[in-house]
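K.L.:
Requesting a structural model of the entry that follows:
(one chain, ligands or ions: 2)
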Amino acid sequence: MSEKIPYSQITPKRLYMSRRELLAGIPLALASSQAFAGTKLEGVKKSPYTVDEKITPYEITSKYNNYYEFGTSKDQPAKLAQKFKTSPWMVSVEGEVAKKTKYSIDDIMKLAPLEERVYRHRCVEAWSIVVPWIGYSLSEIIKRAEPGPKAKYVAFETYYNLEQMPESRFSGLQLPYVEGLRMDEAMHPLALLCVGMYGESLPNQDGAPVRLIVPWKYGYKSIKSIVKIKLVEKQPPCTWNLMQPAEYGFYSNVNPDVDHPRWSQGTERRLGDLQKRKTLMFNGYGNEVASLYAGMNLRKNY
Ligand SMILES: Nc1nc2c(c(=O)[nH]1)N[C@H]1C(S)=C(S)[C@@H](COP(=O)(O)O)O[C@H]1N2
Ligand SMILES: [Mo]
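P.N.:
Ligands and ions are numbered 1, 2, ... in the order given. Sure thing, here's the model as predicted:
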């Protein structure tokens, strides 16, 4: 297990202090509301699902984002998502389930014990980061809904409102952003329902107040700012697959042997340490997830 690095060491003092000072000035009721982006999360346990690698600095993870609803360049979401209103926030779990449920974000925060998991995150654009995410397995919320026999896939949907996301008209994407997993992938304990990072609730640009993290797949499967989780019978549509089906498949497992049509997927650049590294099969999570794909042709099912 990795030695725990205090966040004060990996976050520049200036940022760390300014956030603390900021919180010091906020009325108690608001500061204690966990839906507020950048609030310290209490009682978070370390999870064994943690890689022993150098954590990418907070100022990189929180300033180099893909969130097309808030702009297509990497520095736009951090600026343009600042006023994104994430409270109140509801997440509905519906479809082929016995118990359709609507959760407030406070319900989501308390649904299961929060864990910190340091995961590798690999964007399809061949950069990667290592992030201490906070949340619990997605299976926790799915199993409470009691999926029926027709629940073969899980479909996810991001909040969408053009007034709050004016830049999204230039995204080139069909919105709301949608994603999907096969049922066994969604129930895999590594699939994380994520509410925080670096000890705090998620910043807006990283998908506040609740997002998915699927560490063995390319980053676009990790859908942000979720409002709907629907259990369905047929393979659901996925935003990047709709956009460019030959480039982005439903599975999108990290695979160094299957190149993107326009670039190699064999290596990646780890942000913050300038090093090029070999990309690992399933992003290094093969021991855990390879069995989900036993017998499948991963060139066809890219
Ligand atoms: N709703 C939504 N979710 C999204 C995206 C997006 O544009 N919109 N981008 C995806 C991509 S391509 C990546 S790499 C990750 C980036 O997450 P991060 O900004 O927290 O690193 O979010 C994914 N989830
Ligand atoms: Mo990505």
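
K.L.:
hmm, the helix or strand containing K230 touching ligand 1?
P.N.:
In the assignment (DSSP states H and E), K230 maps to strand 226-232. No - applying C-beta under 6 Å from any ligand atom, one finds strand 226-232 separated from ligand 1 by no less than 8.4 Å. The C-beta positions use only the backbone N, C-alpha and C, and glycine is treated the same way.

K.L.:
What residues sit buried inside that strand?
P.N.:
Buried residues in strand 226-232, counted by 16 or more other C-beta atoms under 10 Å: I226, K228, I229, K230, L231, V232.

K.L.:
Distance to L80 and pLDDT added to those, as TSV?
P.N.:
As requested, the buried residues of strand 226-232 are arranged in TSV below (distance: C-beta to C-beta, whole Å; pLDDT from 0 to 100):
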residue	distance to L80	pLDDT
I226	20	99
K228	23	99
I229	26	99
K230	28	99
L231	33	99
V232	32	99
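
K.L.:
A37 belongs to a helix?
P.N.:
No - if the criterion is DSSP: H, G, I helix; E, B strand; the rest coil, then A37 is coil and not within a helix.

K.L.:
quick one: contacts for it?
P.N.:
Listed by C-beta atoms under 8 Å, 6 or more residues apart in numbering, the contact set of A37 reads T86, S201, L202, P203, N204, A208, P209.

K.L.:
out of everything not next to it in sequence, what's closest to it?
P.N.:
Residue nearest to A37 in three dimensions, not counting chain neighbours: A208, with 4.7 Å by C-beta to C-beta, 6 or more residues apart in numbering.

K.L.:
next one: D273
P.N.:
Counting by C-beta to C-beta, 6+ apart, the residue nearest D273 is K54, at 6.7 Å.

K.L.:
I'd say S225 and T86 touch.
P.N.:
Yes - if you go by C-beta atoms under 8 Å, S225 and T86 touch, sitting 7.2 Å apart.

K.L.:
low-confidence ranges in the protein?
P.N.:
For the chain, applying pLDDT under 70 flags the ranges 1-35.

K.L.:
most residues in a single strand of it, which one?
P.N.:
The single longest strand within the chain, with elements called by DSSP state E, is strand 127-137.

K.L.:
how about the residues of the stretch 51-200 of the chain near ligand 1?
P.N.:
So far as C-beta under 6 Å from any ligand atom goes, the stretch 51-200 of the chain lies against ligand 1 at N65, N66, Y67, Y68, E69, C123, T158, Y177.

K.L.:
can you give me the strands in the chain?
P.N.:
Going by DSSP E, the chain shows strands at 45-46, 90-95, 101-104, 115-122, 127-137, 153-158, 178-182, 192-197, 200-201, 211-213, 226-232, 267-270, 276-278.

K.L.:
Could you identify which of those strands is most buried?
P.N.:
Highest mean neighbour count among these (mean count of other C-beta atoms under 10 Å): strand 192-197, with a mean of 25.

K.L.:
mind listing what that strand pairs with, with the direction of each?
P.N.:
strand 127-137 (antiparallel), strand 200-201 (antiparallel), strand 211-213 (antiparallel) (DSSP bridges).

K.L.:
so which of these comes closest to G172?
P.N.:
strand 127-137 (20.4 Å; C-beta to C-beta).
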